[in-house]
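S.K.: Build me a structure from this.
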Amino acid sequence: MQEIYNAILDYVKTLEIIDTHEHLPGKEEYLDKNTDILKEYLIHYFSTDLLSSGLSRENYNFVVDASKPLIKRWEVVEKYWENARYTGYGRAIDLTVQELYGIERIDRSTIEKANELFLKGRSDSPYRRILKEKCKIRTCLADNMDLESDRRYFTPVYKLDTHIFFRNIDQVRQLSGEAGVAVTSFDDWLELAESMIERAISRGITVFKSGLAYERPIFYEKANYTQAEEAFNKIFKYFHLPDWASRELKIKKEFEDYMMHFVLHIINKHGLTVQFHTGIQEGNGNILGNSNPVQLSNLFLTYNNIKFDLFHISYPYYGEAIALCKMFPNVYLDMCWAHIISPHSSMEFLSEFIDTVAVNKVSAFGGDYCMVDPVYGHQLMARQNVSRVLAEKVSHGIFSVDRACRVAKMMFFDNPVEIFNLKG
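M.R.: Residues are numbered from 1 along each chain as shown. Next up, the predicted model:
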C-alpha cells in the first residue's frame, strides 16, 4: 500500500487548495510585531495541550512573555512540550519548522536558532511566502471580523453572533453606530440586523458563521416575537450605567433563539452558506455537550435553501455528523481544525464518510489558526491524512489511483468552491 500512498500523496502535494477557516489578521501589517517564536506558537491550541499536561497558568504567562529571556522560558516549558510533542498540535509545529526553517524539531538545542529564523521570516511577506508559495492556498475563508481583509489571501466571513448573543451594552451601541440605526426598541434591533446582513451580501459576502457552541447549547427553538421582545427590552435597564460600571448583559434564551431564526430566514432567501462550530471547543474547559450537531436538526429542516457547513467534523460526534450529512441534502461537513485535533480520528472519519456519504459533501482542510506559520504543518498533515485514507480505499478495490486523485481534488478544492459559492 505504501506505493499507492506515495503516488496519491505526490499528486495531492501539487494541488492548489481552499482553506475553509482561518482567524488570521486581515492584513499582514496587523501581525503582532512584539513577538517571538514561543509567544507566537503558543497563542492557542498547543498551549491547551501544555496546560492540560500540567503547566500552570502562571508559568504559561511567563513562557509567552517575549520580554523575558528565551532560554529561561524554554526551561520552564520544556518538560510539558516533550509530553505533548506527539499530539496533532505538536506534530504540526514540528512539521512547520522543518519546512520553513530547516530545523528538525523545536527543543533546547534549536529553540534559539528557530527563533532567529522566525523573526527573520516575519519581515519576509509571511502571507505570500507561507499561504501562497508553501501551502498553495487559493484563498482562506477568514473569520476575523474584518470584511476589508486582503482579498489576495482571504475571503471574509460574516460573523452572526453579535446579532444573537449579548455580552455587554457596549456591543449594542457599537453595532448601532456601524449600522446607523438608533436602537430604541426590539424592532430597531431587527432592522439593524437585517440591514447589516443585507449590506454584507451586497458587498459580496457569501458565507456566514456562528460560534455560539462556546456560549450555549446549539439547539435553537422557535420562540415567538412577544417572548423575544420581552427578553430584549431588559437591555434598557443597563443603558444608564456609567463607563466604569460592569455592563454585562444577561438576556433570556428566547431572544437568542428568535434571533438565530431571524438571521437564518434572511440568509435562506439568498441561498448562501452558514458555518457552524460543532464539536470540541478550544481551550481548557467548556460544556462539550452544548456542541452536539444533532441539536441543529430543526434548522436543517426549516431552512432548506441554506448550505449548513458543520465545522471540525463535529469531533468527537463525527458519527452523528456523518449521519446528518447523509440525511440532509443541505448539510456539509468540514475538516477544518480536525487534522490537528486528532490525526487518527480525522482519517477514521474520512474513511467512514466515503463509505457513507457522497464525496462532494466534505471539505478537506481549514487551518483554523490565529498565527500563520503552523498553517503549513496543518495543511501538510491534511494532505497526508487524506492520501492515506484514499490509498486504503484503492488497496481494498473501492476505486483506482486515478479516481482517488480526482476525489482528493474535489475535497481540497472543488467541493469548497461549490459549498462556499467561490466560483468566479
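S.K.: residues in contact with stretch 222-230?
M.R.: 186, 252, 253, 254, 255, 257, 258, 259, 261, 298 (C-beta atoms under 8 Å, 6 or more residues apart in numbering). For the C-beta atoms, the positions are set from N, CA and C on the backbone; glycine is no exception.
S.K.: who's in contact with the fourth one?
M.R.: Shown in contact with residue 254 (C-beta under 8 Å, 6+ apart): 223, 227, 228, 230, 231.
S.K.: one more time with 10 Å
M.R.: Going by C-beta atoms under 10 Å, 6 or more residues apart in numbering, residue 254 touches 221, 223, 224, 226, 227, 228, 229, 230, 231, 232.
S.K.: Among those, which one lies nearest to residue 412?
M.R.: Distance to residue 412, by C-beta to C-beta, is smallest for residue 221 among those, at 37.1 Å.
S.K.: close enough to count as contact, residue 166 and residue 212?
M.R.: No. The criterion here is C-beta atoms under 10 Å, and residue 166 misses it with residue 212 at 11.6 Å.
S.K.: got the buried residues for the lengthiest helix in the chain?
M.R.: Taking DSSP state H as the criterion, the chain has its longest helix at helix 374-395. Across helix 374-395, burial judged by 16 or more other C-beta atoms under 10 Å covers 374-394.
S.K.: Toward the C-terminus from it, list the very next helix or strand.
M.R.: Next helix or strand after helix 374-395 toward the C-terminus (DSSP states H and E): helix 401-409.
S.K.: helices or strands next to that following helix in the packing?
M.R.: Helix 401-409 is packed against helix 2-12, helix 374-395, with contacts defined by 3 or more C-beta pairs under 10 Å, 6 or more residues apart in numbering; DSSP states H and E.
S.K.: now the angle from that helix to helix 374-395?
M.R.: Relative orientation of helix 401-409 versus helix 374-395 (axes from the mean of the first three to the mean of the last three C-alpha atoms, to 10 degrees): 150 degrees.
S.K.: Contact partners for residue 310?
M.R.: Counting by C-beta under 10 Å, 6+ apart, residue 310 touches 274-279, 293, 296, 300, 317-318, 320-322, 324-325, 331-334, 362.
S.K.: From residue 237, how far out is residue 249?
M.R.: Distance, residue 249 to residue 237, using C-beta to C-beta, to the nearest Å: 9 Å.
S.K.: Now do the shared contacts for these two.
M.R.: By C-beta under 10 Å, 6+ apart, the residues touching both residue 249 and residue 237 are residue 169.
S.K.: Just want to know which of these two has more residues nearby.
M.R.: Per other C-beta atoms under 10 Å, whichever of residue 249 and residue 237 has more neighbours is residue 249, with 16 against 10.
S.K.: so what's that one up against?
M.R.: Residues counted as contacts of residue 249 (C-beta under 10 Å, 6+ apart) are 165, 166, 167, 168, 169, 170, 171, 172, 234, 235, 237, 238.
S.K.: Determine which two of the residues you listed are furthest apart.
M.R.: In the contacts of residue 249, two members sit farther apart than any others by C-beta to C-beta. They are 165 and 237, at 18.1 Å.
S.K.: Count the residues that sit near residue 148.
M.R.: Residue 148 has 10 neighbours, counted by other C-beta under 10 Å.
S.K.: Beyond the worst-scoring helix or strand of the chain on mean pLDDT, next helix or strand please.
M.R.: Every helix and strand in the chain was compared by mean pLDDT, DSSP states H and E; the lowest is helix 169-179, with a mean of 89. Downstream of helix 169-179, the first helix or strand assigned by DSSP H and E is helix 186-202.
S.K.: Give me the sheet partners of the helix or strand that that following helix is followed by and which way each runs.
M.R.: For helix 186-202, the succeeding helix or strand toward the C-terminus, using DSSP H and E, is strand 207-210. Applying DSSP bridges, strand 207-210 is found paired with strand 158-159 (parallel), strand 273-276 (parallel).
S.K.: Quickly list the domain ranges of this structure.
M.R.: Per the record, the chain has its domains at 34-124, 132-419, by automatic domain parsing.
S.K.: Tell me the span between the first and last residue of the first one.
M.R.: Criterion C-alpha to C-alpha, to the nearest Å; first-to-last residue distance in domain 34-124 is 16 Å.
S.K.: So what's the gap between it and the chain middle?
M.R.: Between the centre of domain 34-124 and the centre of its chain there are 21 Å (C-alpha atoms, centre = their mean, to the nearest Å).
S.K.: And for the longest one?
M.R.: Using C-alpha atoms, centre = their mean, the mean C-alpha position of domain 132-419 is found 8 Å from that of the whole chain.
S.K.: Tell me if I'm right that residue 64 and residue 58 touch.
M.R.: No. Judged on C-beta under 10 Å, residue 64 makes no contact with residue 58 at a distance of 11.6 Å.
S.K.: neighbour count winner among the two?
M.R.: residue 64 (19 against 9).
S.K.: dump the residue contacts of the more buried one.
M.R.: So residue 64 contacts 35, 36, 38, 39, 40, 41, 42, 43, 47, 73, 77 (C-beta under 10 Å, 6+ apart).
S.K.: how about 6 Å then?
M.R.: Contact analysis of residue 64 by C-beta atoms under 6 Å, 6 or more residues apart in numbering lists 39, 42.
S.K.: Show the backbone phi and psi for it.
M.R.: Backbone torsions of residue 64, given as degrees, to the nearest 10, read phi -90, psi 10.
S.K.: Could you report the pLDDT at it?
M.R.: pLDDT, residue 64: 98.
S.K.: where's residue 105 relative to residue 288, distance?
M.R.: Relative to residue 288, and taking C-beta to C-beta, residue 105 is found at 31 Å.
S.K.: can you redo the domains of the chain as CSV with distance to residue 7?
M.R.: What follows is those, written out as CSV (distance: least, C-beta to C-beta, whole Å):
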stretch, distance to residue 7
domain 34-124, 21
domain 132-419, 6
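S.K.: Highest mean neighbour count out of those domains?
M.R.: domain 132-419 (a mean of 19; mean count of other C-beta atoms under 10 Å).
S.K.: That domain spans what distance, first to last residue?
M.R.: OK, domain 132-419 end separation, C-alpha to C-alpha: 22 Å.
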